[in-house]
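> Just to be clear, the model below is a prediction. Sequence and coordinates:
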Amino acid sequence: MSYGTLKKLCLEMVKKTVEPGEAFKVRITLAEEGTVEVMVTAVVPFSADPTELVHFNPTCDTHPENGTVVSVGLDSQSTPSSIFTRTKTTQRVHYDEARKRAGVSSSASEVLLFNDDDSMITEATISNVAFYRAGRWLTPSTSTGCLPGVVRRWLLDKKLVDEDDKNELNKDTISVGEWVLLSNGVQGCRLGRITVK
C-alpha cells in the first residue's frame with residue numbers, strides 16, 4: 001500500500017467516525033500477511049499544552065495543581081528487549097504481565113521496566129519515561145530496547161529531555177520519591193513519583 005493510499009484511507013475513516021473539530025486518535029495496524037486496518041477513536045481534547053510538565057523542576061517548583069501524580073513502581077522481573085519492545089505493536093503480553101505483577105489496573109499507576117541485558121530502565125508499561133537528574137530530564141537510550149515513542153522523540157528534538165548516553169538509568173539507581181516524567185501520544189506528559197522499588 002502506498003503512502004497516498006494509506007493517507008486517503010485514514011482521512012476517510014476520520015470523516016466517517018468523528019465530528020469536525022473533535023479530538024481523535026488514529027490507530028493503524030499492519031498484520032503479518034500485509035493487511036492494513038485503520039481505527040479512529042474520539043478522545044478527550046487537551047485543555048493545555050500536553051508537554052508543559054517537561055518544564056517542571058522538582059528541585060525548586062511546587063507540583064502543578066493541574067494533574068495527579070502517578071504512582072510508579074519498578075517491575076520485579078526484567079523484560080527482554082525484542083522487536084515487540086522496540087516497535088508499537090499489539091503484542092503487549094510483557095506489558096500486561098508487568099502490570100499484573102504490580103497489581104496495576106488503571107492509568108493512575110505505572111510500572112517501570114528494565115532489560116535483562118544490564119538492568120537498564122527502558123520505559124514504563126504505557127509510557128516513555130525520563131528522570132530528573134543533574135538539572136535535566138534524562139530518558140533511556142534506544143539501545144536499551146525501549147519504544148522510541150513520538151512524544152519522547154519530539155521532546156528530544158526540542159532539547160527538552162536528554163538521552164542517557166552514559167548508562168545512568170540502571171534499576172539500581174532508581175530511588176523511592178524520585179520524580180518521573182511519563183509521556184505518550186494520547187496523554188501527553190504526566191508527572192509520576194517512584195513509590196515502590
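In hand now; what should we look at?

> Quote the end-to-end distance of stretch 183-197.
One end of stretch 183-197 sits 20 Å from the other (CA to CA, to the nearest Å).

> mind listing what's buried in that stretch?
183-184, 187-192, 194-195 (16 or more other CB atoms under 10 Å). (Each C-beta comes from the backbone N, C-alpha and C, glycine too.)

> Repeat that for stretch 92-108.
Neighbour-count burial for stretch 92-108 [16+ other CB under 10 Å]: 94-95, 98-99, 102, 104, 107.

> and the buried residues of stretch 183-197 as TSV, adding pLDDT?
Formatted as TSV, the buried residues of stretch 183-197 follow (pLDDT from 0 to 100):
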residue	pLDDT
183	94
184	90
187	86
188	88
189	91
190	92
191	93
192	94
194	95
195	91
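
> can you name the two of these that are farthest apart?
The most widely separated members of these, counting by CB to CB, are 188 and 195 (21.7 Å).

> Spell out, range by range, the helices that occur in the chain.
3-17, 83-86, 93-102, 150-157 (DSSP state H).

> which stretch in those helices has the least confidence?
Taking each of the helices of the chain in turn, the one with the lowest mean pLDDT is helix 83-86, at a mean of 73.

> Other residues contacting it?
With CB atoms under 8 Å, 6 or more residues apart in numbering as the contact definition, helix 83-86 has outside contacts at 79, 89, 91, 94, 113, 122-123, 142, 145-148.

> cutoff 7 Å now
By CB atoms under 7 Å, 6 or more residues apart in numbering, the surrounding residues in contact with helix 83-86 are 79, 91, 94, 122, 145-147.

> Quick check: chain neighbours aside, which residue is closest to the residue sitting nearest the centre point of the chain?
Centroid check for the chain by CA atoms, centre = their mean gives residue 127 as the closest residue, at 2.0 Å. Nearest residue to residue 127, sequence neighbours excluded (CB to CB, 6 or more residues apart in numbering): residue 182, at 3.9 Å.

> which intervals of this structure have sub-threshold pLDDT?
64-67 (pLDDT under 70).

> quick one, longest strand in it?
Determined from DSSP state E, the single longest strand within the chain is strand 188-196.

> Show me what it is packed against.
Counting contacts by 3 or more CB pairs under 7 Å, 6 or more residues apart in numbering; DSSP states H and E, strand 188-196 packs against strand 70-74, strand 179-184.

> how big is the angle separating the longest one from strand 188-196?
Okay, so that is strand 179-184. 140 degrees (axes from the mean of the first three to the mean of the last three CA atoms, to 10 degrees).

> Tell me the helices and strands packed up against strand 179-184.
Strand 179-184 is packed against strand 128-133, helix 150-157, strand 188-196, with contacts defined by 3+ CB pairs under 7 Å, 6+ apart.

> by how many degrees do it and helix 150-157 diverge?
120 degrees.

> and strand 179-184, which strands flank it?
strand 128-133 (antiparallel), strand 188-196 (antiparallel) (DSSP bridges).

> Distance-wise, check residue 119 relative to residue 170.
Look at residue 119 and residue 170: by CB to CB, to the nearest Å, they are 5 Å apart.
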